[in-house]
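A.B. asks: Structure for this input, please:
(chains A, B and C)
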Amino acid sequence: MRTRKIISIIILLILAGGFILTFSQIPFGKDKINVAHYYISKGIEETGAVNIVTSVVLNYRGFDTLGEVTVLFIAAIGLGAVLFTEKRVQKHASKSKDDKTKKASLILRTGSNLLFPLILLFGAYIFVHGHLTPGGGFQGGAVIASGFLLMYLAFPKQSINKKSLSVVESLSGLIFVGIGLFGLIFSGYFLSNFLPKGIPNTLFSAGIIPIIYIAVGFKVGFELTSVIDDLLGRGK
Amino acid sequence: MSLIYNWMYYIASGGLILIGMYIILVKTNLIKIIIGLNFIDTGVNILLVCIGYVKGRTAPIFSTSRINPTNVVDPVPQALVLTAIVIGVAVLALALSIAIKVYEHNKTLNVTKIRGLKW
Amino acid sequence: MQLITILVVSFLGAGIVYLTGKFSGRVRDISAVLVSLAVVILVGLAYNQKIYTNFYSLPFLNLSLSLRLNYLSWFFAIIVAGIGFLSILFSLEYIKDYQGVGFYYFMMLFVNAGMLGIVLSADFLSFYIFWEMMSWGTYLLISYKGGKAVAAGLKYIIMSVAGSLAMLFAIVSLYASYGTLKFSSLASLLQIASPGYILFLLLMFVVGFGVKNAIWTLHTWLPDAHAEAVSPFSAVLTGVLVRMGMYGFLLIMYSIVGLSLLHKLGYGLLNFNYILCWIGAITIVIPTFTALLQNDSKRLLAWHGIGQGGYMVLGIGVATSLGIAGGILHTLNYAVCGALLFFVVGAIEHRTGGVRDLNELGGLIKRMPVTFIAGLAGISGLIGVPLTNSFVSKWMIYKTLIMENYPFLAFAAFIGTWGTILSVYKFLHNIFLGQLPEKYKDVKEVPLTMQIPMILLSLAIILFGILPGIPLKVISGIEKSFGVEPLSTTMFGMPKEIGELNLINILAVLLVAGIVVYLIFSLSAKSRRVNQDDNYAAGLFVPRGKYQYSARFYDQAYRIIGPYLHDVVDDFYYWLVGKSKSSFQIVRQIYTGNINTYALYILLFLTLLIFVKLGWGL
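C.D. replies: Sure thing, here's the model as predicted:
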């Protein structure tokens, strides 16, 4: 074990030297903007969203976002598939040992009862205003999942209806692809921004971007919740 | 002072990457190795965002009229990192599920005792 | 007519036979026979035409696939088509009880088509494509029976792939040097190449074709492959497939490199042709005597196949007009005799339920007379009795060796014939003569479709023996296209200036001698016939065992020469395989199964790259 640590440290020192060599060639804080000149100058009039990051993610590189949503979907399904087989056994076994798990403390229960809708509201605010403020579908979805995690911690015996979770999740994915196909019908290319752009810096602007972000927000939120549910289901 | 300021972020991200590599090389608990993998992910994401930073400029959101196209940092690395973080989460979730299966099969999480990958 | 018709008919015919085999067995059999007959007729119609077609141009690499027909192609194509047709006719009855019969017919026709493609191609790319098709089809057919045949097929395909890779190396270097792969352009372009380069090319091609033709060190696949394959396919293997290596030798040595360049290779006595002759001589002597010691009839014939191949290589290596003609004629003759003998063994296997061991069989002449006559004709053909076709070709080879003053090679050729006589006599006597064992009392003669190929081939042996002018005319055409002085032949032999072979004289002498012997026998007293069981010794009946003196009658010889005739090349290859396996075991130690170690390997490589960047600034 000692030799392994010494060898590792030597290799890591060499790698650190390599890093220093490389990073010294990248001056920190210099103006290296290259591709983004186009996005910054033409972003608002072409997409209508004042958040340039959102317009890059959903409009200029929207197809990559579709791929990312697919990757997350595959991860959630893979998790469910890998951990699937013994869940029925666990569920039957857990019904008999109901009294073993203690109830959570009063502060936790009351606090999470109070906080849960606020967290959901906050998460929804983040993904609805994705084109106006920093944030977007993925961030809002993560916040929603954290709200559900809080409820799992506070009320361990309750379980969520997995079926409705998966229905909403799949529907959101379908909405994303469906909007892309509408774009194909209306303007001739997939995921084109066919709704009217509106006035920038207002809520109803930027065409399809808020709609897609709402769908993505729901999808990610419920996906991460089902992941937590799968992982928690093993422990019972 | 300006040397530390210039190198601070690079040291942070490089340090995270190196710590993640050290964990993968040395630790024998499977969960710790997976966490080390996540460290490397995080370090690389920080590095990517650092590259797009321009000194003295602000976020690329034109919410007020004082922000104009010469005043913003590079938005493209931030968009890429958004995707990268999500993928890091996906990798972490799947790796943990496989670790659960490995534990149920071998009754141990010590990699020196799990010999399934041996030739 | 178009050359591509032949190829299209053969390939499509294979596919059609496979598809009809899914519906009905009878239709498939008939269509297989018809397809192969159609191919024979098409090849026969193409006689005496010189055609060159360019049938596909590759869009990249500036190459095109083309076909051509000249005397050399036609000679080999008619052998391929003929033996293929006869073996499909033979296998109508033979293959009935096996599984996957449709696949068998498809593969036979496919290998046939591949061989036709090889002899008809006019540039190296199509040559290589068809060569590989043929090799892999052969592998599938050798391992058709399962069991030990799979190991035999694996040995074959590994050696064949090694040979093909050597060939590919030479082809790619030709393309890189000259930019074209057509035979005709290469023949003119290679005249000005350096002798070292030509020697390299010839070596690579000799390895590639030598694996197929089974010259001495590359022969180890052949006994196993012939013994374990089904008999009709063994006939095709020994007659035609192995001779594709012969076609390759002729192509590369005479068609492309040319006789004038060959004489310039090497210095003094050590030139390329002479070494090839010596390899051929060793290939004659050693396998023919190894065949003495075999107890399995198919292995015996397989070792003979290697030996006769040595005659062909010897004939080609001598590089006079008589020698080349002798080598090429021996290809045709051995194709006929070898295929006939494998058909005989196949007939015996079919009727006795797969028995190949010579010590078990005996006395089958009473039950299978037609097979016996065919076997007798094949054996005489193999030895070279006057009036059979091998006599003519062996005569030409002996004559040219003596005329060119190569005493040791001529001695080797004579010893080869002597060894052949010894071992094929054992083959014939053990199967047909002697005493019939109890369990084979009611074997019948083979059905008609199996008899027809054997009868046809025996007739061909006698026909080409008496009238050797028929193939010799085509061969002189081949020699003219090589630039060698062609052989002037008559219908019955060769005139006095070259070799003095006039078969009319020999026929007359033998007829007279035959009449004299018959008269002596019929006019003298008859001998008494004694029944085999009507014996007794010292008051007891002699037990009814096996009175066949030729079983194991070479055992004394085996004790003396057996240790020398052990196949050292085979052992060498197995030793090589064993050593490689142990070195691979050492490499396997890298995989320790520990995740930390694997991550260490990755990071080690990364640091190596950093060092490379520091050191060389790449």
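A.B. asks: For C:Leu270, see how far away the most centrally placed residue in chain A is.
C.D. replies: In chain A, the centroid-proximal residue (Cα atoms, centre = their mean) is A:Phe138; its distance is 3.0 Å. Using Cβ to Cβ, to the nearest Å, we find A:Phe138 at a distance of 79 Å from C:Leu270. C-beta coordinates here come from the backbone N, C-alpha and C atoms, glycine included.
A.B. asks: next one: C:Met253
C.D. replies: With Cβ to Cβ as the criterion, C:Met253 and C:Leu270 are 17 Å apart.
A.B. asks: Counting neighbours around each, name which of these two comes out higher.
C.D. replies: C:Met253 (25 against 9; other Cβ atoms under 10 Å in any protein chain shown).
A.B. asks: On the three-state scheme, that one is what?
C.D. replies: Using DSSP: H, G, I helix; E, B strand; the rest coil, the structure places C:Met253 in helix.
A.B. asks: show me the contacts for the closest residue to it other than its chain neighbours.
C.D. replies: Leaving aside its sequence neighbours, C:Met253 sits nearest to C:Leu262 (Cβ to Cβ, 6 or more residues apart in numbering or on different chains; 6.4 Å). Each residue near C:Leu262 by Cβ atoms under 8 Å, 6 or more residues apart in numbering or on different chains is listed here: C:Met253, C:Asn271, C:Phe272, C:Asn273, C:Ala319.
A.B. asks: Now residue 22. Its backbone dihedrals?
C.D. replies: All of this refers to chain A. Here is the backbone geometry of A:Thr22 (degrees, to the nearest 10): phi -70, psi -40.
A.B. asks: distance of it from chain B?
C.D. replies: Going from A:Thr22 to chain B by Cβ to the nearest Cβ, to the nearest Å gives 9 Å.
A.B. asks: for the contacts of C:Leu262, which one is nearest chain B?
C.D. replies: Of all the contacts of C:Leu262, chain B sits closest to C:Phe272, with 47.2 Å by Cβ to the nearest Cβ.
A.B. asks: Check the secondary structure at the closest residue to the closest one other than its chain neighbours for me.
C.D. replies: Counting by Cβ to Cβ, 6+ apart, C:Leu265 is the residue found nearest to C:Phe272 once chain neighbours are left out, at 4.4 Å. Judged by three-state DSSP, the three-state class of C:Leu265 is coil.
A.B. asks: in terms of contact, does C:Leu265 touch C:Ile275 like I think?
C.D. replies: No - counting by Cβ atoms under 8 Å, C:Leu265 stays clear of C:Ile275, with 9.7 Å between them.
A.B. asks: count of neighbours near A:His37?
C.D. replies: Using other Cβ under 10 Å, A:His37 has 11 other residues around it.
A.B. asks: Name the SS class of it, please.
C.D. replies: helix.
A.B. asks: ranges for the strands of chain A?
C.D. replies: For chain A, strands defined by DSSP state E do not occur.
A.B. asks: could you pull out the helices for it?
C.D. replies: In chain A, the helices defined using DSSP state H lie at A:2-23, A:36-47, A:52-55, A:62-82, A:87-96, A:106-128, A:137-154, A:162-187, A:209-235.
A.B. asks: And the ones you listed: which comes nearest C:Tyr558?
C.D. replies: helix A:2-23 (62.0 Å; Cβ to Cβ).
A.B. asks: is the helix or strand harbouring B:Lys101 up against chain A anywhere?
C.D. replies: Per DSSP states H and E: B:Lys101 is located in helix B:76-106. Yes - counting by Cβ under 8 Å from any Cβ of the partner chain, chain A has neighbours in helix B:76-106: B:76, B:78-79, B:82-83, B:85-87, B:89-91, B:93-94, B:96-98, B:100-101.
A.B. asks: Could you pull out the strands in the stretch 51-200 of chain C for me?
C.D. replies: Taking DSSP state E, counting those that start in this stretch to define them, one finds strands in the stretch 51-200 of chain C at C:51-57, C:64-69.
A.B. asks: okay, the ones you listed, which one's buried deepest?
C.D. replies: strand C:64-69 (a mean of 21; mean count of other Cβ atoms under 10 Å in any protein chain shown).
A.B. asks: got the angle for that one vs strand C:51-57?
C.D. replies: Put simply, strand C:64-69 runs at 160 degrees to strand C:51-57, going by axes from the mean of the first three to the mean of the last three Cα atoms, to 10 degrees.
A.B. asks: I'd like to know how many residues surround residue 83.
C.D. replies: No chain in the question, so chain A it is. By other Cβ under 10 Å, neighbour count at A:Leu83 equals 20.
A.B. asks: look at chain C instead
C.D. replies: With other Cβ under 10 Å as criterion, C:Ile83 counts 29.
A.B. asks: shaky segments in chain B?
C.D. replies: Scanning chain B for pLDDT under 70 picks out the ranges B:117-119.
A.B. asks: State the three-state secondary structure for the residue of it positioned farthest from its centre.
C.D. replies: Most distant from the centre of chain B: B:Ser65, at 34.8 Å, with distances by Cα atoms, centre = their mean. Secondary structure for B:Ser65, judged by three-state DSSP, is coil.
A.B. asks: Okay, now the unreliable bits of chain C?
C.D. replies: Applying pLDDT under 70 to chain C flags residues C:1, C:266-269, C:487-501, C:531-537, C:539-553, C:617-618.
A.B. asks: what's stretch C:563-573 in contact with?
C.D. replies: Contact with stretch C:563-573 is made by C:Trp216, C:Thr217, C:His219, C:Thr220, C:Ile286, C:Phe289, C:Thr290, C:Leu293, as judged by Cβ under 8 Å, 6+ apart.
A.B. asks: how long is that stretch end to end?
C.D. replies: 18 Å (Cα to Cα, to the nearest Å).
A.B. asks: how about it: buried residues?
C.D. replies: Buried residues in stretch C:563-573, defined by neighbour count with 16 or more other Cβ atoms under 10 Å in any protein chain shown: C:Leu565, C:Tyr573.
A.B. asks: Look up how far chain B lies from the residue nearest to C:Met253.
C.D. replies: On the measure of Cβ to the nearest Cβ, C:Leu262 and chain B end up 52 Å apart.
A.B. asks: Next: C:Val424.
C.D. replies: From C:Val424 to chain B the distance is 52 Å (Cβ to the nearest Cβ).
A.B. asks: and the residue in the stretch 451-600 of chain C positioned nearest to chain B, what element?
C.D. replies: Among all residues of the stretch 451-600 of chain C, C:Gly593 sits closest to chain B, at 3.0 Å; criterion: Cβ to the nearest Cβ. Using DSSP H and E, C:Gly593 maps to neither a helix nor a strand.
A.B. asks: ok, the closest residue to chain A within chain C - how many residues close by?
C.D. replies: When distances are taken as Cβ to the nearest Cβ, chain C reaches nearest to chain A at C:Ile610, 3.9 Å away. Neighbours of C:Ile610 under the rule other Cβ under 10 Å: 16.
A.B. asks: Do I have it right that it meets A:Ala16?
C.D. replies: No - using Cβ under 8 Å, C:Ile610 is not in contact with A:Ala16; the gap is 10.1 Å.
A.B. asks: Look up the closest residue to C:Trp74, ignoring the ones flanking it.
C.D. replies: The spatially closest residue to C:Trp74, leaving aside those adjacent along the chain, is C:Tyr47, at 6.1 Å (Cβ to Cβ, 6+ apart).
A.B. asks: pretty sure that neighbour is in a helix, no?
C.D. replies: No - if the criterion is three-state DSSP, then C:Tyr47 is coil and not within a helix.
A.B. asks: Now do the phi/psi pair for it.
C.D. replies: phi -60, psi 140.
A.B. asks: Surely C:Phe343 and C:Ile455 touch.
C.D. replies: No - taking contacts as Cβ under 8 Å, C:Phe343 lies outside contact range of C:Ile455: 10.1 Å.
A.B. asks: And the two? Which one has more around it.
C.D. replies: More crowded of C:Phe343 and C:Ile455, by other Cβ under 10 Å: C:Phe343, with 31 against 15.
A.B. asks: Can you give me the buried ones in the helix holding B:Lys101?
C.D. replies: B:76-100, B:102.
A.B. asks: quick one on the thing from earlier: may I ask which helix or strand encompasses the residue of chain C closest to chain A?
C.D. replies: Secondary structure assignment for C:Ile610, by DSSP H and E: helix C:595-616.
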